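Engineer: only geometry, no sequence info:
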């Protein structure tokens, strides 16, 4: 049995959970998330604790047990605290600014790049070279951050591009040092 799947999920104050069969809805100060899980899982809500169980005879449920528990825990944490990813723009002339809810970036192209904020996602620009993507859904925050990063991935020769905070870009020497 999954060790992660056995752990109960505590629901903090201010978060309400509704379970309708295999559909779980979490509402909190940061928003509302709904997700439907496989019907072989048994999800129980008692007081301020959620447990995920699986039938003993089901081998298919074994692989879902820890995953379902983690997804529900992420939903609860997302609607109570939210998730965020910080991106850094590295390069001469690379900068970002907010235009309404959308993110506008200068990335060395002949035109500015505009990224529209999906529903539930917010962009923050504390400085011209930093962007913070935040929202209640961990998956959606990660996907939007990856889509922004995709415009200019960090390149290994000069290190220019959009990178996650704390990401290490392995540098290469280049042509001049290759002949030595």
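Structural biologist: Arrived safely. Please read these numbers as outputs of a predicted model, since none were measured by experiment.
Engineer: so where is the protein shaky, pLDDT-wise?
Structural biologist: Scanning the chain for pLDDT under 70 picks out 1-2, 57-58, 60, 177-180.
Engineer: helices or strands up against the lengthiest helix in it?
Structural biologist: In the chain, taking DSSP state H as the definition, the longest helix is helix 60-80. Applying 3 or more Cβ pairs under 8 Å, 6 or more residues apart in numbering; DSSP states H and E, one finds that helix 60-80 contacts helix 3-6, strand 9-10, strand 23-28, strand 31-36, strand 49-53, helix 138-149. Backbone N, C-alpha and C define where each C-beta goes, glycine included.
Engineer: Just send these back as CSV, with distance to residue 97 too.
Structural biologist: Below are the helices and strands packed on helix 60-80 laid out as CSV (distance: least, Cβ to Cβ, whole Å):
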stretch, distance to residue 97
helix 3-6, 41
strand 9-10, 39
strand 23-28, 30
strand 31-36, 25
strand 49-53, 41
helix 138-149, 13
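Engineer: Can you lay out the ones you listed as CSV showing distance to residue 71 and mean neighbour count?
Structural biologist: As requested, these are arranged in CSV below (distance: least, Cβ to Cβ, whole Å; neighbours: other Cβ atoms under 10 Å):
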stretch, distance to residue 71, mean neighbour count
helix 3-6, 11, 14
strand 9-10, 10, 16
strand 23-28, 9, 19
strand 31-36, 6, 15
strand 49-53, 9, 19
helix 138-149, 9, 18
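Engineer: Which one, of the ones you listed, ends up nearest to residue 83?
Structural biologist: helix 138-149 (4.7 Å; Cβ to Cβ).
Engineer: any idea of the angle that closest one forms with helix 60-80?
Structural biologist: In terms of direction (axes from the mean of the first three to the mean of the last three Cα atoms, to 10 degrees), helix 138-149 departs from helix 60-80 by 70 degrees.
Engineer: How about the very next helix or strand once past helix 138-149, which residues are buried there?
Structural biologist: Where DSSP states H and E defines the elements, the next helix or strand beyond helix 138-149 is strand 161-164. For strand 161-164, burial by neighbour count (16 or more other Cβ atoms under 10 Å) applies to 161, 162, 163.
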